[in-house]
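> all I have is the shape, not the residue letters:
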Ligand code: NDP
């Protein structure tokens, strides 16, 4: 069985590729350049031989970008989408929205025309497509589920355009691309041999790309929020999270279950706050660090934390039979990795 994974060199996609290969699938990854393709090929060659193949898709937003990529594949994992900070300085929401929407519609159109063997398409959406950014303390905790959409972000982007916060632009890009996918699917359901599933992962802690300064901003923010000095307002901030390994396992499980066609499914291990995360790291992991570094990580242990919102992740647990790693597992790997990089010295 051959699976196409778009944006195969990305943080989440790389784990999806690895999980698929481990389970015996043949994987075709799309990447933006030959160099990225060759690098991935080298990475997987020793263990998986020719079971990893790649194809260049320079710009997912271009018409017909995926026409060749979808031929002879049995399933598609559409993961590529602008996920980090845009470094061109262009503040237009289109920087996020255009590639997200056109890339999603593009891969579905190519599958309609040339994906004659495709049985399922899985879209990596995000809890950013359903959350509300303006939850107040008095409402907390608000629980979001698969019936929600991020209407406040959509309105913000519509009304304020370039002046809308980056997170609202990103949320809008995820919601609009997912909405476009569902519309396309419902319009063409009778003509295609595949069904559509949208997975909505919560925040996936940190990435292993580049250096700390070159991290996508959302992830650099994550690092700073846990390992650097922060005011209580940041320490108490709540978010849903999921380990990248569990996220990849969920995306692969979504390929394998008969009963998930047509569903949107939240993937979240649970809510936490940065202070709770710090408390857990310090109480569960042995860190051989200078006292000054430990003091910084300690943050404000007496802070009362209450996440403003949570996700109802029951549907995913039931339909995909997901089991989430204990948070300490996630953080153990993360902390070891941060230590290895020498970022806390
Ligand atoms: P990465 O930035 O690591 O990966 C994004 C991938 O998309 C990269 O391969 C990138 O290519 C590719 N890409 C982006 N824009 C284009 C474009 N215009 N043309 C071609 N390729 C493009 O992000 P993540 O792994 O974190 O995110 C992957 C997906 O998961 C995204 O859809 C994101 O919205 C979603 N998601 C992420 C979460 C998180 O916390 N990280 C949480 C929930 C959902 P290149 O490397 O060449 O730039």
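Perfect, thanks for sending it. Predicted model only: the values in this text are computed from it and were never measured. Numbering: from 1, shown residues only.
> show me the strands in the stretch 101-250 of the chain, by range?
120-124, 142-144, 195-201, 238-241 (DSSP state E, counting those that start in this stretch).
> do the last one and the ligand meet?
Looking back up the chat, that one is strand 238-241. No: contact of strand 238-241 with the ligand (C-beta under 6 Å from any ligand atom) is absent, the minimum separation being 8.2 Å. C-beta here means a position set from N, CA and C on the backbone, and glycine is covered the same way.
> show residues contacting that strand.
127, 141, 202-205, 268-273, 305-311, 313, 327, 330 (C-beta atoms under 8 Å, 6 or more residues apart in numbering).
> any chance of the strands of the stretch 101-250 of the chain in CSV, with mean neighbour count, distance to residue 162 and mean pLDDT too?
Compiled in CSV, the strands of the stretch 101-250 of the chain are given as follows (neighbours: other C-beta atoms under 10 Å; distance: least, C-beta to C-beta, whole Å; pLDDT from 0 to 100):
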stretch, mean neighbour count, distance to residue 162, mean pLDDT
strand 120-124, 26, 26, 98
strand 142-144, 16, 27, 95
strand 195-201, 25, 26, 98
strand 238-241, 22, 26, 86
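> what is the least confident helix or strand in this structure?
Ranked by mean pLDDT, DSSP states H and E, the weakest helix or strand in the chain is helix 217-227, scoring a mean of 74.
> what is that one packed up against?
helix 274-284, helix 291-298 (3 or more C-beta pairs under 8 Å, 6 or more residues apart in numbering; DSSP states H and E).
> looks to me like residue 72 is in a strand.
No: Residue 72 is assigned coil when assessed by DSSP: H, G, I helix; E, B strand; the rest coil, not a strand.
> how many neighbours does it have?
Counted by other C-beta atoms under 10 Å, the residues lying close to residue 72 total 14.
> likewise residue 53?
Neighbours around residue 53, by other C-beta under 10 Å: 15.
> and it, what's its pLDDT?
Residue 53 is assigned a predicted lDDT (pLDDT) of 97.
> check the secondary structure at it for me.
Assignment for residue 53 (three-state DSSP): strand.
> excluding chain neighbours, what is closest to it?
residue 28 (4.9 Å; C-beta to C-beta, 6 or more residues apart in numbering).
> beta partners for the one you found?
residue 4, residue 53 (DSSP bridges).
> let me see the contact set for it.
Residues in contact with residue 28 (C-beta under 8 Å, 6+ apart) are 2, 3, 4, 5, 53, 54, 55, 69, 73.
> measure the closest residue to the ligand within the chain to residue 139 for me?
Closest contact between the chain and the ligand, by C-beta to the nearest ligand atom, is at residue 10 (2.4 Å). Distance of residue 10 to residue 139, given as C-beta to C-beta, to the nearest Å: 34 Å.
> ditto for residue 237
Where residue 139 is concerned, residue 237 sits at a distance of 16 Å (C-beta to C-beta).
> give me the buried positions along stretch 78-96.
78, 79, 80, 81, 82, 83, 84, 93, 94, 95, 96 (16 or more other C-beta atoms under 10 Å).
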